[in-house]
Structures are given as C-alpha cells and as structure tokens.
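Enquirer: mind looking at a prediction? Sequence and model below.
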Amino acid sequence: MPNLTVVRRTNVLTLFQRYAEERMRAGTAPKGLEQAFAQRLQVSPSMWSQIKSSRPIGDKLARQIESACRQPREWLDEERASDGLTAGEQRFLALALTTWRGTNAEGRKRLKAAIKAAAEGP
C-alpha cells in the first residue's frame with residue numbers, strides 16, 4: 001500500500017505545477033507564484049513551504065486543498081501515474097535539441113551559457 005503522506009505531497013505538487021503553468025501562460029511572472037498558490041490554499045507561505053518539503057498533509061488540510069483547487073473529495077489520496085513532462089517542457093526540450101544539433105561548437109557553447117545564465121537568475 002502506498003504511503004499516504006508521499007501520495008498527498010506528490011499530488012499537491014502536481015496541483016502547484018498545473019497552477020504555475022496556467023498562470024505563466026496567462027502572462028504572470030514566475031516570481032510570487034509560490035505565495036499566490038499558498039494564498040489560494042488559504043495557508044501561509046511558510047506552511048506551503050513546509051508542505052512541499054516535509055510536513056504531512058492531514059485529512060482536514062487535504063480536504064481544504066482539494067476544495068481550494070476544485071478537485072473532488074479524496075483526490076489527493078489517490079496514487080496516480082505521473083504526468084511526466086508537461087507539453088511546455090517537451091516543446092522546450094525539442095527546441096533545445098534542434099538548436100544543439102543544428103549548430104557548431106561555438107553555437108553550443110553560447111546555448112549552454114544562455115541556459116546557465118537563465119538558471120542562475122539576475
């Protein structure tokens with residue numbers, strides 16, 4: 001039998017990923033999405049951080065999250081297959097691979113530098 005704590009955490013992270021992707025598609029900047037999601041769940045940003053990393057999600061909180069995210073009752077409790085890569089992630093990887101394969105060593109070096117710079121942030 002799967003560990004309910006792990007299943008709930010995995011599912012709530014899936015909900016956050018969907019939320020973040022939806023908001024970014026709508027033009028929202030990534031910065032602040034964690035706080036906005038916490039607000040949607042009606043928990044503090046600190047509580048959201050704990051939920052993501054280690055805090056077990058009890059029954060009351062699970063039902064609160066499901067309600068806030070418009071999921072059926074006990075949705076968080078069901079083990080489900082991973083969504084895998086999102087459509088956006090698949091498009092990005094395909095673009096990166098096409099670019100990588102279509103350029104020379106200098107182009108690859110610039111591509112790696114651009115990705116590294118973006119990952120490190122401003």
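Expert: Good, I have the coordinates.
Enquirer: what residue in this protein is the furthest from its centre?
Expert: Here the centre of the chain is the reference, and by Cα atoms, centre = their mean the most remote residue is residue 104, at 33.3 Å.
Enquirer: contact partners for that residue?
Expert: Residue 104 sits next to no residue when contact means Cβ atoms under 8 Å, 6 or more residues apart in numbering. No exception for glycine: its C-beta is placed from N, CA and C like everyone else's.
Enquirer: ok, and what's touching the helix or strand bottoming out on mean pLDDT in the chain?
Expert: In the chain, no helix or strand scores lower on mean pLDDT, DSSP states H and E than helix 87-101, which sits at a mean of 81. When contacts are defined by Cβ under 8 Å, 6+ apart, helix 87-101 is touched by residues 21, 85, 107, 108, 111, 115.
Enquirer: so which elements touch the helix or strand that comes right after that helix?
Expert: Downstream of helix 87-101, the next assigned helix or strand under DSSP states H and E is helix 105-120. Judged by 3 or more Cβ pairs under 8 Å, 6 or more residues apart in numbering; DSSP states H and E, helix 105-120 is in contact with helix 87-101.
Enquirer: mind listing what's buried along the helix it packs on?
Expert: Buried positions in helix 87-101, judged by neighbour count with 16 or more other Cβ atoms under 10 Å: none.
Enquirer: quick one: it to helix 105-120, angle?
Expert: Angle between the axes of helix 87-101 and helix 105-120 is 150 degrees (criterion: axes from the mean of the first three to the mean of the last three Cα atoms, to 10 degrees).
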